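Engineer: Sequence plus predicted model, see below.
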Amino acid sequence: MKETRVTISCSDLSLEGRLSIPESEGPVPGVVVCHPHPLMGGMMENNVVIAICEALSEVSVATLRFNFRGVGRSQGTHDNGVGEQNDIAAALAFLSFQEEVDTDRIGLCGYSFGAGVALHFATNNDQIKVLALVSPLLSNPSPIQCYVKPKLLLWGDRDIALPIADFDLFTNQLPDPKEYEVFSGADHFWWGFETRMSSRAVDFFKNNL
């Protein structure tokens, strides 16, 4: 995967990112990928984020991963998921501005904290066509219970953040269209499961973008 270092303008802040655009004769789909919690070491150099971006690049999908405000070289400070909504909006605008990207085929993906921020953003944005959430910290009620666009939820059965029985019950009650999968042996960090997890995410985006 060949990536380009980019700087994303977000109001009066600058965010650092990595943009990957595959070679193609026509416009390609694009996906913005959001990293886990900044206060727990989350950044765009995360194993899950990189695995998803690399896998999408291999099937000719453009990707943009970036650091939320206050992470790495991104300016600003952590804002508990509030200001981070603006960070996603800025990343989405940046990706959409690329002439190689089809603005009618834009997806959003988030992991852990990034999944929560991505979900709240997607419920109020018409441009996002599909949403993939990896290890989302689900609650009841949740905005995803009213989200009627294509969505994918991925979980590890050793993730102690949510009992597997609760995950099954929760996802069964979600509105269609929906897809979800529980990976036996995987925990919240997905070490050793990156390839399987990212392949499942890629299939979802390929089929829905």
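Structural biologist: Structure received.

Engineer: could you show me where the strands are in the protein, in order?
Structural biologist: Ranges of strands within the chain are 4-10, 13-20, 28-34, 62-66, 101-111, 128-134, 151-156, 178-183, based on DSSP state E.

Engineer: how about the ones you listed in JSON lines, adding distance to Pro141 and mean neighbour count?
Structural biologist: Every C-beta, even on glycine, is put in place using the N, C-alpha and C of the backbone. Listed next are these as JSON lines, based on distance: least, C-beta to C-beta, whole Å; neighbours: other C-beta atoms under 10 Å:
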{"stretch": "strand 4-10", "distance to Pro141": "29", "mean neighbour count": "14"}
{"stretch": "strand 13-20", "distance to Pro141": "31", "mean neighbour count": "20"}
{"stretch": "strand 28-34", "distance to Pro141": "22", "mean neighbour count": "27"}
{"stretch": "strand 62-66", "distance to Pro141": "29", "mean neighbour count": "27"}
{"stretch": "strand 101-111", "distance to Pro141": "19", "mean neighbour count": "22"}
{"stretch": "strand 128-134", "distance to Pro141": "16", "mean neighbour count": "24"}
{"stretch": "strand 151-156", "distance to Pro141": "16", "mean neighbour count": "24"}
{"stretch": "strand 178-183", "distance to Pro141": "17", "mean neighbour count": "16"}
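
Engineer: need these in TSV with distance to Gly83 and mean pLDDT, can you?
Structural biologist: As requested, the strands of the chain are arranged in TSV below (distance: least, C-beta to C-beta, whole Å; pLDDT from 0 to 100):
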stretch	distance to Gly83	mean pLDDT
strand 4-10	9	98
strand 13-20	9	98
strand 28-34	13	98
strand 62-66	14	98
strand 101-111	16	98
strand 128-134	19	98
strand 151-156	24	96
strand 178-183	29	96
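
Engineer: Please name whichever of those is nearest to Gly76.
Structural biologist: strand 13-20 (4.6 Å; C-beta to C-beta).

Engineer: Report the contact partners of the residue lying closest to Pro22 once chain neighbours are set aside.
Structural biologist: Nearest residue to Pro22, sequence neighbours excluded (C-beta to C-beta, 6 or more residues apart in numbering): Ser60, at 4.4 Å. Residues in contact with Ser60 (C-beta atoms under 8 Å, 6 or more residues apart in numbering) are Pro22, Ser24, Val28.

Engineer: is it possible to export those residues to TSV including distance to Pro143?
Structural biologist: Compiled in TSV, the contacts of Ser60 are given as follows (distance: C-beta to C-beta, whole Å):
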residue	distance to Pro143
Pro22	32
Ser24	33
Val28	29
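
Engineer: and which of the residues you listed is nearest to Met44?
Structural biologist: Looking across those and measuring by C-beta to C-beta, the closest to Met44 is Pro22, at 18.8 Å.

Engineer: Touching, the closest one and Pro29? I think so.
Structural biologist: No - at 10.0 Å, Pro22 and Pro29 do not qualify as touching, with contact defined as C-beta atoms under 8 Å.

Engineer: Which residues are in contact with each of those two?
Structural biologist: Taking C-beta under 8 Å, 6+ apart as the contact rule, Pro22 and Pro29 both touch Val61, Ala62.

Engineer: picking that back up, and the pLDDT for the residue nearest to Pro22?
Structural biologist: pLDDT, Ser60: 96.
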